[in-house]
Structures are given as structure tokens and as C-alpha cells.
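Colleague: Got a predicted model here, sequence first, then my questions.
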Amino acid sequence: MTSEKNTALLEGLREAGTRPDRLIGLSRARQAGPTLICFGGIHGNEPAGVEALERVFAALGSDETVLSRGCFAGIRGNLPALKQGVRYIGEDLNRLWTIDGIKDILGKKETAKSLEEQELTEILRTIAQLLRSERPPFYFIDLHTTSSPTLPFITINDAVINRKFSNQFPVPVILGIEEYLEGPLLSYINELGYVSLGFESGQHLEENAVEHATDFVWLALRFAGLVENTADPDALQREIRLREASLGDQFFYEVFHRHALKDASQFRMAGGFRSFQRAPRGTLLAHDHGEPVYMRRNGLLFMPLYQKQGEEGFFLIRRIPKWALRFSVWLRRFRMQDALVLLPGVQWAQPGGDRLLINLRVARFFSKPFFHLLGYRSKRKDRTHLVLRNRERAARNDDYRETPWFRRSDAKS
Ligand SMILES: [Zn+2]
């Protein structure tokens with residue numbers, strides 16, 4: 001942290017408007033290389049990620065030789081909400097990151113912005129400055145915790161680079177949650193084409209959640225190539241701890257249902273549910289506005305809500321078979337999707353874009369899983385149309401092509 005390079009980097013960030021308490025830590029090795037940017041506390045009631053990053057930077061700070069190349073930045077999320085220990089003050093900072101929403105916010109006068117809009121602006125400028133001053137490949141990790149007990153897990157937007165990088169961590173991976181959420185930070189970064197992972201390390205305020213996030217960040221430093229294999233003597237222990245915490249579950253899952261909330265204060269989850277729990281059909285899950293909510297389909301319960309703020313009561317997930325994962329990578333390689341517009345009921349949403357508009361009246365034969373295989377994520381536009389967005393078009397595969405994890409083709413992805 002003492003080199004001149006760090007000073008120049010800090011200076012650049014200060015000029016970009018990054019306040020000192022926005023940075024949990026910043027460390028740049030003498031040798032240029034990849035850049036890892038981690039966020040903690042995007043939700044203010046989830047301080048575990050911040051604490052984990054503080055621990056990692058404290059360990060790095062005493063020894064300049066550990067970080068062998070590249071740049072590592074830790075960014076605090078919602079500062080006012082972190083101070084108060086609440087998820088957000090006025091609106092959820094992790095639901096503001098849509099392209100149109102950001103344009104809107106940046107167009108406002110500073111004084112007209114809400115607290116969370118100010119936070120977004122500063123975080124965005126900080127990211128932009130790091131993208132300008134640092135070297136690719138870039139890796140982004142957003143650290144979170146959940147209100148219910150859970151195995152540690154990764155969430156990603158389904159791009160092949162995300163799958164491959166995630167595959168190295170000994171924890172389960174959830175695909176496709178972004179289809180159900182509007183404007184999470186990581187979806188925005190994903191649209192810029194970079195590897196971006198969410199890591200949910202455990203239940204809020206549990207010591208375990210801090211430890212799992214700490215281990216995860218160390219592994220990410222190693223997998224991204226900033227820290228040599230030999231430079232972290234606890235590397236093996238970290239993998240073992242995470243594998244044990246996730247009970248050996250290293251499968252890929254997809255989200256297929258979201259219980260949306262209009263008003264979280266009117267939602268009460270029934271007691272004792274955890275993430276990844278199998279609940280038989282007919283199980284009473286919750287009460288929403290006094291109405292009972294039952295388990296209606298086969299699947300695993302995911303992120304049941306046990307707090308007063310939030311937009312989702314729970315999700316349902318199911319395992320993705322290995323053949324489907326492999327088949328979809330193969331399909332994407334051949335860009336089969338370009339042939340889709342030849343089919344009836346399928347057209348580009350705008351010329352030269354990355355979105356397809358599907359008329360469901362005509363293209364009845366299409367199913368959501370089919371498009372998922374091709375790398376598309378869908379959002380329903382209206383009753384008869386789906387908008388599909390290609391996750392692969394934006395991906396900066398060339399930035400990552402020479403990394404060991406990109407070239408490795410293994411069983412899981
Ligand atoms: Zn969160």
C-alpha cells in the first residue's frame with residue numbers, strides 16, 4: 001500500500017469523487033496484471049462482506065509480497081445504510097442498476113438525487129475510474145448474506161465466462177436469478193462484459209458468514225491470478241472449509257420461481273426454513289397479506305425472507321443436469337442463435353442489437369429452457385411477447401482467453 005503506484009491510483013480515485021470511506025482497501029502490485037474489484041455492504045444490513053474484505057486487506061497490508069501482480073480493490077456499498085444497519089434507507093441500492101435508470105440518475109442534479117442515487121453515482125464513478133486506470137482481465141465480486149440460514153453459494157448471470165470462473169469454487173452456483181430481479185449491480189457489470197459473481201456467504205451477522213467470505217476472497221485472488229498458489233499457506237484449508245460449509249454441493253441450479261412482494265411488512269415466512277431445503281408440495285411456506293402460500297411445485301426453497309425489507313419472499317430452484325450445461329456451451333460456441341431470427345415469430349428487438357423479440361402466439365413451440373440453453377435470458381414484455389437478451393454477445397471472452405480457468409474444460413461447465 002506504500003508504493004508510488006498506489007498513490008497515483010488513490011489520487012485518480014479522489015479526482016473521480018471517491019470518498020476515502022468508500023474504499024475498504026486498495027492494493028496494487030509492482031507487476032501489472034488482472035484486477036479484482038470486490039463490493040461489501042451494498043445492502044447495509046449485510047456487514048459480513050465488508051468485514052471479510054477488511055481482514056483480507058489487513059493481511060495483505062503487512063506483506064507486500066503476497067500480491068504478486070495486478071490490482072485488488074475493496075469497495076463499501078451503501079454507506080448511510082451500513083451506518084444504520086438497515087438494508088437501505090429509501091430504496092434498494094441493488095435494484096437501481098438498469099441502463100435507463102442509470103441514465104436518469106446521472107442526468108439529475110446532485111441535490112435532486114436520493115441517498116441511494118448518490119451512492120450509485122459515486123460507486124459507478126469509482127468503477128469507471130478503476131476500469132480506466134487498471135488492466136484487464138477484470139473480475140467483480142459482490143459479497144452478500146441472507147436473512148435465513150443457508151449454504152454458502154454463488155449467483156451469476158448465465159454467461160460462459162461466469163460459469164467457468166465460478167466452477168473453481170467448491171460451492172453451489174445459482175444461474176438466472178437476474179431474470180427475476182430488476183437492476184442488481186452485477187447484471188449491469190455483466191452487461192459490460194466482465195466476469196461478475198455474487199457470493200452469499202451465510203446468514204446476516206453470523207461469524208461464519210465473515211469467515212466464508214474471507215476464504216472466498218482469498219480463493220478469488222488466487223483463481224484470478226493476483227496471488228500465487230504458494231503465497232497463501234491457508235489455500236487448501238479455505239477450499240476444505242467452503243466445501244464442508246456447502247456440504248459438498250457443487251451443482252449448478254436455476255431459479256424457476258420468484259414469490260414477489262408488494263409489501264414485505266405484510267409477508268411472514270413460516271418458521272424454520274433454510275435455503276436449499278426440499279419442501280414437499282403442499283407445505284405451508286408463508287402468509288402474504290394474511291393469505292396462506294403453499295409449495296406448489298417440485299423444487300428447492302431458496303432465500304426465504306426473514307426480515308422486514310425486501311422485494312422477494314422466496315425463490316424456488318432446481319438442479320441443472322450436467323448434459324444441459326455442456327450442451328449449452330457447445331451451442332453457444334457455434335452461435336446457433338444467429339439462426340433463430342429465421343424462425344417464425346422471432347425477430348431482433350432492434351437492428352444490430354443483442355435482444356430478440358418473441359411473439360408467443362406464433363412461436364408457441366419455444367420454451368424458456370430452450371432459450372436458456374442458447375445463452376438467452378428472458379423477460380416477459382407483455383402477454384404475447386418475450387424479450388430475450390443474449391448474455392454472450394457482450395462477454396469479453398478475449399480478455400479471459402489466456403487464463404488457466406478459461407482454457408480448462410471440465411465436468412461442471
Ligand atoms: Zn444482499
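Modeller: Arrived safely. Quantities reported herein were computed from a predicted structural model and do not represent experimental measurements.
Colleague: Return the backbone torsion pair for the residue nearest to Glu179 when sequence neighbours are not counted.
Modeller: Distances taken as C-beta to C-beta, 6 or more residues apart in numbering put Arg377 closest to Glu179, at 5.1 Å, once the chain neighbours are dropped. Yep, even glycine has a C-beta here, placed from its N, CA and C like the rest. Backbone torsions of Arg377, given as degrees, to the nearest 10, read phi -120, psi 140.
Colleague: which residues touch Leu26?
Modeller: 1, 6, 9-10, 13, 71-74 (C-beta atoms under 8 Å, 6 or more residues apart in numbering).
Colleague: so who does the residue nearest to Glu179 touch?
Modeller: Contacts of Arg377 (C-beta under 8 Å, 6+ apart): 157-158, 176, 178-179, 371, 388-389, 391.
Colleague: Okay, and which of those residues map to helices?
Modeller: Phe371 (DSSP state H).
Colleague: Now tabulate the contacts of Arg377 in CSV and tack on distance to the ion and pLDDT.
Modeller: As requested, these are exported to CSV (distance: C-beta to the ion, whole Å; pLDDT from 0 to 100):
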residue, distance to the ion, pLDDT
Asn157, 16, 90
Asp158, 20, 87
Gly176, 17, 83
Glu178, 14, 80
Glu179, 18, 81
Phe371, 28, 75
Leu388, 27, 82
Arg389, 23, 79
Arg391, 22, 75
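Colleague: Take the contacts of Arg377 and keep only those in strands.
Modeller: In strands, defined here by DSSP state E, the members of those are 388-389.
Colleague: on that earlier part again, what separation do you get for the residue nearest to Glu179 and Ile177?
Modeller: 10 Å (C-beta to C-beta, to the nearest Å).
Colleague: Ok, Gly107 next?
Modeller: 29 Å.
Colleague: Compare neighbour counts for the two and give me the winner.
Modeller: Ile177 (24 against 8; other C-beta atoms under 10 Å).
Colleague: just checking, that one touches Leu316?
Modeller: No. When contacts are counted by C-beta atoms under 8 Å, Ile177 is not listed as touching Leu316 (11.4 Å).
Colleague: Touching both of the two, which residues are there?
Modeller: Val255.
Colleague: hmm, back to that, which of the contacts of Leu26 are buried? Put it as a ChimeraX command.
Modeller: Command for ChimeraX that selects the buried part of the contacts of Leu26, burial taken from 16 or more other C-beta atoms under 10 Å:
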select :9,10,13,71,72,73,74
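Colleague: so what's the residue nearest to the spatial centre of the chain up against?
Modeller: The residue lying closest to the centre of the chain (C-alpha atoms, centre = their mean) is Gly198, at 3.0 Å. With contacts taken as C-beta under 8 Å, 6+ apart, Gly198 has the following neighbours: 141-144, 154-156, 184, 186.
Colleague: what does the chain put close to the ion?
Modeller: 43, 46, 144 (C-beta under 5 Å from the ion).
Colleague: Looking at those residues, which is nearest Ala32?
Modeller: Nearest to Ala32 among the residues of the chain next to the ion, counting by C-beta to C-beta, is His144 at 30.3 Å.
Colleague: you'd agree the closest one is in a strand?
Modeller: Yes. Secondary structure of His144 (DSSP: H, G, I helix; E, B strand; the rest coil): part of a strand.
Colleague: ok, how many other residues are close to the closest residue to the ion within the stretch 101-250 of the chain?
Modeller: Going by C-beta to the ion, the ion is nearest to His144 of the stretch 101-250 of the chain, at 3.5 Å. As a burial measure, His144 scores 24 neighbours (other C-beta under 10 Å).
Colleague: Can you tell me the closest non-neighbouring residue to it?
Modeller: Nearest residue to His144, sequence neighbours excluded (C-beta to C-beta, 6+ apart): Glu200, at 4.9 Å.
Colleague: Ser201 sits in which helix or strand?
Modeller: strand 195-203 (DSSP states H and E).
Colleague: Could you do Asp215 as well?
Modeller: Here Asp215 is assigned to helix 207-223, by DSSP H and E.
Colleague: Kindly report the same for Ile240.
Modeller: Taking DSSP H and E as the criterion, Ile240 maps to helix 235-245.
Colleague: Give me the helices and strands touching the next helix or strand after that helix, please.
Modeller: With elements assigned by DSSP H and E, the helix or strand that comes after helix 235-245 is strand 252-260. With contacts taken as 3 or more C-beta pairs under 8 Å, 6 or more residues apart in numbering; DSSP states H and E, strand 252-260 sits against strand 173-175, strand 300-302, strand 312-319.
Colleague: Could you figure out how far strand 252-260 is turned away from strand 312-319?
Modeller: 150 degrees (axes from the mean of the first three to the mean of the last three C-alpha atoms, to 10 degrees).
Colleague: tell me which residues in strand 252-260 are buried?
Modeller: So, applying 16+ other C-beta under 10 Å, buried residues of strand 252-260: 252-256, 258-259.
Colleague: what about the chain, any weak spots by pLDDT?
Modeller: 1-5, 62, 334-337, 363-369, 409-413 (pLDDT under 70).
Colleague: Could you list the domains of it?
Modeller: With domains defined by automatic domain parsing, the chain comprises 4-245, 252-319, 322-390.
Colleague: Highest mean neighbour count out of the ones you listed?
Modeller: Comparing the domains of the chain by mean neighbour count (mean count of other C-beta atoms under 10 Å), domain 4-245 ranks first with a mean of 20.
Colleague: and that one, how far from the chain's centre?
Modeller: Taking C-alpha atoms, centre = their mean, to the nearest Å, one finds the center of domain 4-245 at 9 Å from the center of the full chain.
Colleague: What of stretch 240-259?
Modeller: That offset, for stretch 240-259, works out to 14 Å (C-alpha atoms, centre = their mean).
Colleague: Kindly report the same for stretch 345-354.
Modeller: 27 Å.
Colleague: okay, it in PDB with CA atoms only?
Modeller: These are the backbone C-alpha positions of stretch 345-354, laid out as PDB (Å, rounded to 0.1, in the frame of the first residue of the first chain):
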ATOM      1  CA  GLY A 345     -42.300 -15.300 -34.600                       C
ATOM      2  CA  VAL A 346     -38.700 -14.400 -33.800                       C
ATOM      3  CA  GLN A 347     -37.200 -11.000 -34.700                       C
ATOM      4  CA  TRP A 348     -34.400  -8.700 -33.500                       C
ATOM      5  CA  ALA A 349     -35.800  -6.200 -31.000                       C
ATOM      6  CA  GLN A 350     -33.700  -3.500 -32.700                       C
ATOM      7  CA  PRO A 351     -31.300  -3.800 -35.600                       C
ATOM      8  CA  GLY A 352     -27.800  -4.800 -34.700                       C
ATOM      9  CA  GLY A 353     -28.800  -5.400 -31.100                       C
ATOM     10  CA  ASP A 354     -28.500  -8.300 -28.700                       C
END
